[in-house]
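**Q** Quick check, what structure comes out for this input:
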Amino acid sequence: MYVARVPNRGSPPAVLLRESYREAGKVKNRTLANLSSWPEAKVDALSRVLKGQPPAAALDGAFEITRSLPHGHVAAVLGTLRDLGLEELIDPAPSRHRDLVTAMAAAQVIAPGSKLAIARGLRDATAASSLGEVLGLGSCDEDDLYAAMDWLQARQEQIQDALAARHLAGGTLVLYDVSSAAFEGRTCPLGAIGHPKDGVRGRLQIVYGLLTSKEGIPVAIEVFAGNTGDPKTVASQVDKVKDRFGISQVVLVGDRGMLTAARLREDVRPAGLDWITALRAPQVKKLARDGDLQLTLFDTQDLAEITSPDFPGERLVACMNPFGEAERARKRESLLAATEADLAKIAAACARVRAPLRGQDKIAVRVDRVLNRRKVGKHFTTDIGEDRFSYHRNQDSITAEAALDGIYVLRTSVEPGDLDSGEIVSSYKALAQVERAFRAFNTDLDIRPIRHRTEDRVRAHVFLRMLSYYITWHMHARLAPLLFTDDDKPAARAARQSPVAPAARSQRALAKAAAKRTDDELPVHSSASLLADLATICLNTIAPADPDLPGFRLVTTPTPLQRRALDLLGVSHRLGVA
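**A** Presented below is the predicted three-dimensional model:
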């Protein structure tokens, strides 16, 4: 800020309080207040303070900050949302419903919370940030948000079609996976007891399937009843990709539990889609037992294409991951040791002098319970009598299983001319992008708990989280130089010796993580801590003590780090400030 004296034809110069700021790489000036009526001494004192000079007279009490709202993170998130054209995707025509949906999507990135909490954070009297003021929603309440959710749910297909046209144009890989989220209440028909993927057992849940591009950009999401098995969600996704999105050539990538033989036969192949998935462990064992999979293949290489009469017309890509081999061996030994410790307690109970465990049936029940707990019963041989129990490891079984440690086999319908073996492996590994989205849904974006009572509201709730993740994904990509994220992906790919090998980090990412500083000596952040840092840029309402002088608004000047972050996002810290 500075005090400017502007020539005024035929009158004394006008005295103006001005602010310089940078927008789109250009320096601009903005008038904050007209100080022409101030006494010269007061103008001089303010000018000296703004220049960092000792004031000729104290300015205590000359101004009062009447409100200070966190604004920088709002400018970052809302600016990115608008730069992505997400408002126009939600609805080309401006409306209050569109603004409310925009507010909910942005608020979930800024500070995840319930609709009641979001409404309070938007209202003028209880605002937690400048979001409500920037969007003109200072008078909304939770009922307005619920009405906007109903409006959004009716537009979900149209919005997802537009996202597909943007990110799935032409022939492409489409990643698909399924997760679940715990459900609150008993009234929504979608809530059901099922197989939980988020670790919350014994609760009603919903199941949701997410379609993304090969980069992990979310394109479409669908909600199913909580007791829906993963394979049963595939048919609707096939229809969506082939018919609604109108993609001419599609490779659907899904895990072994979802793209089962039945789903490939009944849903995927009839639609003319190509696909990539993996074989289950028993199928891999049969390939090795029948001689179709020779373990000597991996003496000099880590992947090879094989054939089998069990999978006519398909390509099978066998892979050996040494990291997976070591991890599987470690995990198996841990399970065996824990099981042995429990079996030893049963043996001790049979051998104790006081109240020994007796009865073959009773002993067998306890033994079965222990062996089934960690699914390693096949690796133990037991001897149970009326008054005795002994056990030992079945080393032949352990050795046979260990021979296949780290080995997995991918199956695909893609022709060799379209994707080679390495590209097939990389495509399947890209499913980790969807799993990363699920982690964001369940943690950063707080998809649970779900408290809505109707199917439409639950579907809208989940879709809103997808829109929020869409913003988050692009913000992470743009802010990568300031985050611990690897921002030199070509170098990282070059450092990876094989598609089967674990992902490598570039030298620049390793140096950034070690020093906790960027090349230009700025601190490296996580996405959450960087947003918190940006939130310290505030929108301040300032009132002069003199009631005859007008009040004005002032946005905190960004620090070098904050300015760099906003430049990477391509937004101004003054977004939405008149």
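
**Q** need the contact list for Asn372.
**A** By C-beta atoms under 8 Å, 6 or more residues apart in numbering, no residues touch Asn372. C-beta coordinates here come from the backbone N, C-alpha and C atoms, glycine included.

**Q** from the chain's centre, how far out does the helix or strand hosting it sit?
**A** According to DSSP states H and E, Asn372 maps onto helix 360-373. Computed by C-alpha atoms, centre = their mean, to the nearest Å, the chain-centroid distance of helix 360-373 equals 42 Å.

**Q** So for that helix, what gets flagged as buried?
**A** 363, 366-367, 370-371 (16 or more other C-beta atoms under 10 Å).

**Q** Mind picking the one among these that's closest to Leu530?
**A** Minimum distance to Leu530 across those is 48.3 Å, recorded for Val370 (C-beta to C-beta).

**Q** Tell me the one of the buried residues of helix 360-373 nearest Arg120?
**A** The closest of the buried residues of helix 360-373 to Arg120 turns out to be Val370 (C-beta to C-beta; 51.8 Å).

**Q** my guess is that closest one meets Leu343, correct?
**A** Yes: with contacts counted by C-beta atoms under 8 Å, Val370 reaches Leu343, the gap being 5.8 Å.

**Q** what's the overlap in contacts for those two?
**A** With the criterion set as C-beta under 8 Å, 6+ apart, the contacts of Val370 and Leu343 do not overlap.

**Q** for the protein, which helix is longest?
**A** As assigned by DSSP state H, the longest helix anywhere in the chain is helix 322-351.

**Q** Report the mean confidence score over that helix.
**A** Mean pLDDT, helix 322-351: 94.

**Q** Same question for stretch 538-554.
**A** 85.

**Q** before we move on, back to that, just put the buried residues of helix 360-373 in a markdown table and tack on distance to Val434.
**A** Putting these into a markdown table (distance: C-beta to C-beta, whole Å) gives the following:
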| residue | distance to Val434 |
| --- | --- |
| Ile363 | 46 |
| Arg366 | 41 |
| Val367 | 40 |
| Val370 | 36 |
| Leu371 | 34 |
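
**Q** Would you map the helices across the stretch 101-250 of the chain?
**A** Using DSSP state H, counting those that start in this stretch, the helices of the stretch 101-250 of the chain run over residues 115-122, 131-135, 142-167, 234-239.

**Q** First-to-last residue distance for stretch 298-308?
**A** Stretch 298-308 has an end-to-end distance of 18 Å (C-alpha to C-alpha, to the nearest Å).

**Q** what do you get for stretch 493-507?
**A** 11 Å.

**Q** One more: stretch 232-249?
**A** By C-alpha to C-alpha, the extent of stretch 232-249 from end to end equals 23 Å.

**Q** So what's the gap between that stretch and the chain middle?
**A** Counting by C-alpha atoms, centre = their mean, stretch 232-249 comes out at 23 Å from the chain centroid.

**Q** What of stretch 114-126?
**A** 24 Å.

**Q** next one: stretch 561-575
**A** The chain centre lies 22 Å from the centre of stretch 561-575; the measure is C-alpha atoms, centre = their mean.

**Q** Next: stretch 13-21.
**A** Offset of stretch 13-21 from its chain centre (C-alpha atoms, centre = their mean): 44 Å.

**Q** Just the CA atoms of that stretch, as CSV, please.
**A** Extracted as CSV, the C-alpha positions of stretch 13-21 are listed here (Å, rounded to 0.1, in the frame of the first residue of the first chain):
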residue,chain,number,x,y,z
PRO,A,13,-4.2,17.2,-5.7
ALA,A,14,-6.3,14.3,-4.6
VAL,A,15,-4.8,12.2,-1.8
LEU,A,16,-5.5,8.5,-2.4
LEU,A,17,-4.7,5.3,-0.5
ARG,A,18,-3.7,2.7,-3.1
GLU,A,19,-2.5,-0.9,-3.3
SER,A,20,-0.3,-2.6,-5.8
TYR,A,21,-0.9,-6.2,-6.6
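
**Q** can you count the residues close to the closest residue to Leu122 other than its chain neighbours?
**A** Using C-beta to C-beta, 6 or more residues apart in numbering and skipping residues adjacent in sequence, the residue nearest Leu122 is Gly132, 3.4 Å away. Around Gly132 sit 26 other residues, with neighbours defined as other C-beta atoms under 10 Å.

**Q** Kindly report the same for the one 5 residues further on.
**A** A count of neighbours around Leu137, defined by other C-beta under 10 Å, yields 21.

**Q** and if you look at the one 3 residues further on?
**A** Neighbours of Cys140 under the rule other C-beta under 10 Å: 23.

**Q** now Val15
**A** Val15 is flanked by 21 other residues according to other C-beta under 10 Å.
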